[in-house]
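Chemist: What follows is a protein structure lacking sequence information:
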């Protein structure tokens, strides 16, 4: 599982670059510091290994959840932040605790999804697809004792094969294609990984995530 440990955190780092603009509150400006650092800036730093930034993000998201406890997008971000905390935990036996809590929040986010989520534009896609994809990629890359790999992979298969997903431009969905390629490799489904990577090449041959995917499958 050479991709497993780094894949989810790479994806989280990519996702953290996205400006949150389609919510009833503004994550981009929430909890901004005096020097202008946004929550999204801190997400990027946390994903790259800055423990202090991760603690700041976790506190900020927890505070927002007090105001919006049933918001699926916030809940999904919280689950991802806890996954980062699991990675960075100094005490090894704390990692399963944070990972399980992250898993619980991601499952909660999926339960909170309703029809409206799939009509809300979000990051070039819609909120429902975004949350499902973030959860699926996280599931695939969780430790094997949690038995989430197949669940995440099947979710990605369903997302990539859905008719609505195909109508979106490649750029906002590139990270999902990339995550699916890595998921297939993690599970030993190499032929499927090749097919998805070739599909990325057909759609956008020079895109950085396409180039990475082709390298991963040896093409």
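Modeler: Thanks, I have the structure now. Here the structure is a predicted model, which means the values were calculated and not measured.
Chemist: okay, now the closest residue to residue 65 other than its chain neighbours: neighbour count?
Modeler: Of all residues not flanking residue 65 in the chain, residue 74 sits nearest, at 5.6 Å (Cβ to Cβ, 6 or more residues apart in numbering). Just so you know, the C-beta spots here come from the backbone N, C-alpha and C atoms, and that holds for glycine as well. The local packing of residue 74 (other Cβ atoms under 10 Å) involves 23 other residues.
Chemist: Any regions of this structure where pLDDT drops low?
Modeler: 1-44, 46-54, 89-90 (pLDDT under 70).
Chemist: Just give me the residue closest to the centre of it.
Modeler: Nearest to the mean C-alpha position of the chain, by Cα atoms, centre = their mean, lies residue 134 at 3.1 Å.
Chemist: So it sits against residue 76, correct?
Modeler: Yes - with contacts counted by Cβ atoms under 8 Å, residue 134 reaches residue 76, the gap being 5.4 Å.
Chemist: ranges for the strands of the chain?
Modeler: 121-122, 125-126 (DSSP state E).
Chemist: Just name the most buried of these.
Modeler: strand 125-126 (a mean of 22; mean count of other Cβ atoms under 10 Å).
Chemist: And for it, what's in contact with it?
Modeler: 117, 118, 119, 120, 133, 165, 168, 172, 173 (Cβ atoms under 8 Å, 6 or more residues apart in numbering).
Chemist: Would you mind putting the strands of the chain into JSON lines with distance to residue 146 alongside?
Modeler: Shown next, in JSON lines, are the strands of the chain (distance: least, Cβ to Cβ, whole Å):
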{"stretch": "strand 121-122", "distance to residue 146": "27"}
{"stretch": "strand 125-126", "distance to residue 146": "26"}
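Chemist: Report how many residues lie close to residue 65.
Modeler: So residue 65, with other Cβ under 10 Å, has 16 neighbours.
Chemist: what's the answer for residue 188, then?
Modeler: Using other Cβ under 10 Å, residue 188 has 9 neighbouring residues.
Chemist: Distance of it relative to residue 211?
Modeler: Distance, residue 188 to residue 211, by Cβ to Cβ, to the nearest Å: 23 Å.
Chemist: can you check residue 144 too?
Modeler: In terms of Cβ to Cβ, residue 144 sits 29 Å off from residue 211.
Chemist: Between the two, point out the one with more neighbours.
Modeler: Neighbours were counted for residue 144 and for residue 211 using other Cβ under 10 Å; residue 211 has more, 15 against 10.
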